[in-house]
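# Got a predicted structure here, sequence first:
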Amino acid sequence: NEYKSYLRKVSISNTQFKSFVEEMSNKLRILCLHGYRQSDVSFREKTGGLRKALKSLATFEFIRAPHAVCGEDNSFSWFYSNPETHNIESYKCLDRSTTDPGFAESLKFLKDHVTCEGPFDGIMAFSQGACMAAILSTFTDNTQLKFLILFSGFKSRITKHEVYYKDRIAGIRSLHVYGETDEVIPPGMSEGLSECFEDHVKHRHPGGHFVPTNINVRNTVKDFLLKEFKLKYDS
């Protein structure tokens with residue numbers, strides 16, 4: 001976990017360790033899920049400015065999807081929408097598919113990680129990772145998640161995933177940030193996902209398919225997390 005990783009890198013006194021634990025204990029723990037053809041490393045880099053603005057409220061843990069995208073370096077997927085064609089699987093969010101290669105393995109991977117490495121207060125995710133986070137949130141009894149921050153999220157169009165959207169998702173708060181010029185995930189798809197949650201907030205920015213770090217988005221995310229922080233520590 002993050003404590004052990006930190007201790008392996010530096011030698012600290014008992015007093016310093018106590019201070020470190022206290023600091024970590026008084027922050028929200030957020031699990032971060034990258035998008036399709038990305039990685040934990042690239043997502044960390046793309047969210048650097050945002051995380052800097054939130055460092056007083058939360059710590060962030062990035063994990064990598066279990067499926068490597070064929071023929072690409074440092075490129076991973078949570079699942080695919082097309083079966084193998086010439087031994088290559090692919091994914092398109094607009095596909096209305098009946099197959100989801102890799103999905104079951106990724107869902108188990110995430111459940112196991114949240115159970116073994118948690119508890120996590122929430123998840124921050126982008127694109128396909130946001131799709132996975134929303135599905136994972138339907139298992140709140142097992143995950144203990146309290147909130148989601150979803151960038152360019154969407155409902156999966158794979159037929160067998162419709163069951164996850166049958167009922168509105170209760171007991172978890174969600175923030176949906178999406179771009180009005182996003183050509184990969186049209187705004188309507190992100191808005192459609194937001195309506196799956198009983199308790200949701202939407203923020204539409206003027207950009208495209210990326211995690212924005214402008215002041216308006218930073219303030220929106222910070223305000224959202226501040227409410228979560230107060231719910232956890234002031235109750």
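Arrived safely. Residues are numbered from 1 along each chain as shown.
# can you give me phi and psi for residue 193?
phi -70, psi -40 (degrees, to the nearest 10).
# List the contacts of it.
130-131, 134, 150, 153-155, 176 (C-beta atoms under 8 Å, 6 or more residues apart in numbering). The way it works is simple: take the backbone N, C-alpha and C, and place the C-beta from them, glycine included.
# mind running it again at 6 Å?
By C-beta atoms under 6 Å, 6 or more residues apart in numbering, the contact list for residue 193 reads 134, 153-155.
# which one of those residues is nearest residue 105?
residue 134 (18.1 Å; C-beta to C-beta).
# quick check, the closest one in a strand?
No - using DSSP: H, G, I helix; E, B strand; the rest coil, the secondary structure at residue 134 is helix, not a strand.
# How many residues are close by it?
27 (other C-beta atoms under 10 Å).
# measure it to residue 90 for me?
22 Å (C-beta to C-beta, to the nearest Å).
# show me what contacts residue 180?
By C-beta under 6 Å, 6+ apart, the neighbours of residue 180 are 187, 204, 206.
# Confirm that the second one sits in a helix.
No - the assignment for residue 204 is strand, going by three-state DSSP, so no helix is present there.
# List the buried residues in stretch 175-191.
Neighbour counts over stretch 175-191 (16 or more other C-beta atoms under 10 Å) mark 175-179, 182, 184-186, 189-191 as buried.
# now stretch 133-141
Quick answer for stretch 133-141 (16+ other C-beta under 10 Å): 133-138.
# got those as CSV, with pLDDT and distance to residue 105 columns?
Formatted as CSV, these follow (pLDDT from 0 to 100; distance: C-beta to C-beta, whole Å):
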residue, pLDDT, distance to residue 105
133, 97, 16
134, 97, 18
135, 96, 14
136, 96, 14
137, 94, 19
138, 92, 18
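# helices or strands up against the one helix or strand residue 173 maps to?
Assessed by DSSP states H and E, residue 173 sits inside strand 169-179. If contacts are counted by 3 or more C-beta pairs under 6 Å, 6 or more residues apart in numbering; DSSP states H and E, strand 169-179 sits against strand 147-151, helix 187-194, strand 197-205.
# buried set for the helix or strand that the longest one is followed by?
Tracing the chain C-terminally past strand 197-205 and defining elements by DSSP H and E, one meets helix 215-233 next. Under the neighbour-count criterion of 16+ other C-beta under 10 Å, helix 215-233 has 217-218, 220-222, 224-225, 228-229 buried.
# quick one on the thing from earlier: relative to the whole chain's centre, how far out is the strand holding residue 173?
A distance of 11 Å separates the C-alpha centroid of strand 169-179 from that of its chain, computed with C-alpha atoms, centre = their mean, to the nearest Å.
# Tell me which strands that strand pairs with, and in which orientation.
strand 147-151 (parallel), strand 197-205 (parallel) (DSSP bridges).
# Report the beta-bridge partner residues of the residue nearest the centre of the chain.
Nearest residue to the geometric centre of the chain (C-alpha atoms, centre = their mean): residue 125, 2.3 Å. Under the criterion DSSP bridges, residue 125 forms beta bridges with residue 33, residue 150.
# re the thing from before, compare the strands paired with strand 169-179 and give me the one nearest residue 107.
strand 147-151 (15.6 Å).
# mean confidence for the closest one?
The predicted model assigns strand 147-151 a mean pLDDT of 98.
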